[in-house]
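Build me a structure from this.
(2 chains)
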Protein chains: 2
Amino acid sequence: MVFKRMFQRKGNGYVLDTSMFVNPDARKYFGETIDGAVSNFLATAAKLKGVQFYMPPSVQKELKYFAQKELPNFKRIIVIKSPSLHEMKVPAIVMWKLLDEMRTRVNAGLRVSEKFVKDQNMPIDEKLHRLRVQYKEALREGILDSEEDFEVLMLAKELDAAIITLDQGLVRAAEELGIKCMAVDAFYGHLKEL
Amino acid sequence: MVFKRMFQRKGNGYVLDTSMFVNPDARKYFGETIDGAVSNFLATAAKLKGVQFYMPPSVQKELKYFAQKELPNFKRIIVIKSPSLHEMKVPAIVMWKLLDEMRTRVNAGLRVSEKFVKDQNMPIDEKLHRLRVQYKEALREGILDSEEDFEVLMLAKELDAAIITLDQGLVRAAEELGIKCMAVDAFYGHLKEL
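So this is what the prediction gives:
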C-alpha cells in the first residue's frame, strides 16, 4: 500500500511543512492543540484516495519537537522523503537574490542591536526581550530562512507537488521558483471536496 | 584588439575581485596605495599576451568606491562582464549549506548583541564600536556574504577562469563549487613568469 502510494504518478502530491499544525491561524481547521491538529489531519488524509502527502525528514523532526504524542499512522500516511539536493539545481539568480536580501537584513539586525545598546532607560530584561523579537523580525521574517523550508521547496519541485504552508517566506520563494503553493484554507476546502 | 581578447578560448582568464587591490596583505605585491596597486597591476597586465582579465560590473563599482583616480586604460585591459545569472544554475546542496550557515550565524549575531545590551560598565561609544566589529565577524567573516562575491564566482565558472582573491569566504565557496582559485602571491609569481 505504502509503495503503491509512493510510486503514484507525479503532480498529485502535497508537501507539508510544520506551519499547518503549529501556526495558531491554522488551528481552526484541524484542531486547537498541535497533537489534535496532527491526528485530525491524519484521520482525514487516511480516507483520501489518489492523493499523496510528503514531508522531508528535517520537517518531521521539527514537528516532533512541538508534538507530544507518537502517532503510529504518521509514516503510513505521510511519505517521509528528502529532496535530491545533490542532483537538483537552483537558478543562480535565486541565490543572488537571497544574498542580496540577507545583506540588507544583516544590516537591519545591527541597527536593531545598536538601538538597544544605546537605550539607557529601559530595564535590561525588557531590552533583551524586545531585542530578541525585533532582531528575529529583521533577520528572519518573510524570508526563506531555514534548511527545512528549503527542503520543502525542493521536494515539491522534485515531485511536482504543491506546498501547503502559512509561512510567508516559503510562499514567496515558491512563487519565485514556479512551485505550486496552496493556502491552508483553500487546502482544507479542497480536502472536504475530496 | 579588445574583441579579439574577449573571444579568446576559454580557460585562460582570471576574474578579479577588489581584495587584490584593497586588502592590506596584497599591497606588498602591487603597491602601497589602492590607486597605486590598480595602476601597477594594469601596467603589468597590459604587457601580457594571451591572458584575459575579467571583472563583474558590481565589483568595478565597489572598487571605484575605494579608488580615487579614473584610469582610462582600465576597461581596455579588464573586460567588464556580468555572469549569466538567469541561465546558470547552482547545485541545490550549495544553497542548503548557505542557509544552514546563515542560520548559525544569525544566532551568533544575536548572542553578540545580547552581550553588549547586558553590559553596564563599558561606555556606550566603546560598546557600539565593539558590537559593530564582533557582529560583522559573527555574520559575515569567512562566508560568501555578498552579491559581488557571488558574481565573481559565477563569472569564473561561466568562463572557466580562475579567481584571484584574498577573501576567505570566496576561496571556500570556489573550492566547494570546483572553481579555480589562485592566491595573490602565486598569481604575482605567475605574472612575473609570463
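
only C-alpha atoms for contact and neighbour calcs from this point on.
Noted.

So which bits of the lengthiest helix in chain A are buried?
Longest helix of chain A, by residue count under DSSP state H: helix A:92-118. Buried residues in helix A:92-118, counted by 16 or more other Cα atoms under 10 Å in any protein chain shown: A:92-96, A:98-99, A:101-103, A:105-110, A:112-114, A:116-117.

what inclination does that helix have with respect to helix B:92-118?
10 degrees (axes from the mean of the first three to the mean of the last three Cα atoms, to 10 degrees).

Helices of chain A, start to end?
Using DSSP H, helices in chain A cover A:2-6, A:19-22, A:27-30, A:34-47, A:57-66, A:74-77, A:92-118, A:124-140, A:147-159, A:168-177, A:184-193.

Chain B is nearest to which of those?
Within the helices of chain A, the stretch nearest chain B is helix A:92-118; the backing value is 4.8 Å (Cα to the nearest Cα).

Is chain B within reach of that closest one?
Yes. Using Cα under 8 Å from any Cα of the partner chain, helix A:92-118 reaches chain B at A:92-93, A:95-97, A:99-100, A:103, A:106, A:110, A:113-114, A:116-118.

For chain A, which residues are neighbours of chain B?
Applying Cα under 8 Å from any Cα, we find that chain A lies next to chain B at A:85-93, A:95-97, A:99-100, A:103, A:106, A:110, A:113-114, A:116-118, A:124, A:127-128, A:131-132, A:135, A:139, A:145-147, A:150.

how near is A:R140 to A:M55?
22 Å (Cα to Cα, to the nearest Å).

swap in A:L63?
Using Cα to Cα, one obtains 10 Å as the distance from A:L63 to A:M55.

So which bits of stretch A:21-41 are buried?
Buried positions in stretch A:21-41, judged by neighbour count with 16+ other Cα under 10 Å: A:21-22, A:26-27, A:29-31, A:34-39, A:41.

ok, of these, which one's closest to B:I78?
Set against B:I78, the nearest of the buried residues of stretch A:21-41 by Cα to Cα is A:V22 (53.7 Å).

how about the closest residue to that closest one other than its chain neighbours, what does it touch?
Distances taken as Cα to Cα, 6 or more residues apart in numbering or on different chains put A:I34 closest to A:V22, at 5.9 Å, once the chain neighbours are dropped. Neighbouring residues of A:I34 by Cα atoms under 8 Å, 6 or more residues apart in numbering or on different chains: A:21-22, A:27, A:66-67.

Check the spacing between A:I34 and B:H86 real quick.
From A:I34 across to B:H86, the span is 41 Å (Cα to Cα).

ok, now A:L85?
Distance, A:L85 to B:H86, by Cα to Cα: 20 Å.

now swap in A:F30 and tell me
41 Å.

Next: A:N12.
A:N12 sits 29 Å away from B:H86 when distances are taken as Cα to Cα.

More neighbours: the two, which one.
Ranked by neighbour count (other Cα atoms under 10 Å in any protein chain shown), A:N12 and B:H86 place A:N12 first, with 14 against 10.

if we can go back for a sec, reformat the buried residues of stretch A:21-41 as JSON lines; add distance to A:F74 and pLDDT.
Compiled in JSON lines, the buried residues of stretch A:21-41 are given as follows (distance: Cα to Cα, whole Å; pLDDT from 0 to 100):
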{"residue": "A:F21", "distance to A:F74": "13", "pLDDT": "88"}
{"residue": "A:V22", "distance to A:F74": "16", "pLDDT": "87"}
{"residue": "A:A26", "distance to A:F74": "19", "pLDDT": "80"}
{"residue": "A:R27", "distance to A:F74": "18", "pLDDT": "78"}
{"residue": "A:Y29", "distance to A:F74": "19", "pLDDT": "84"}
{"residue": "A:F30", "distance to A:F74": "15", "pLDDT": "82"}
{"residue": "A:G31", "distance to A:F74": "17", "pLDDT": "82"}
{"residue": "A:I34", "distance to A:F74": "14", "pLDDT": "88"}
{"residue": "A:D35", "distance to A:F74": "12", "pLDDT": "89"}
{"residue": "A:G36", "distance to A:F74": "13", "pLDDT": "88"}
{"residue": "A:A37", "distance to A:F74": "12", "pLDDT": "88"}
{"residue": "A:V38", "distance to A:F74": "9", "pLDDT": "89"}
{"residue": "A:S39", "distance to A:F74": "8", "pLDDT": "88"}
{"residue": "A:F41", "distance to A:F74": "10", "pLDDT": "88"}
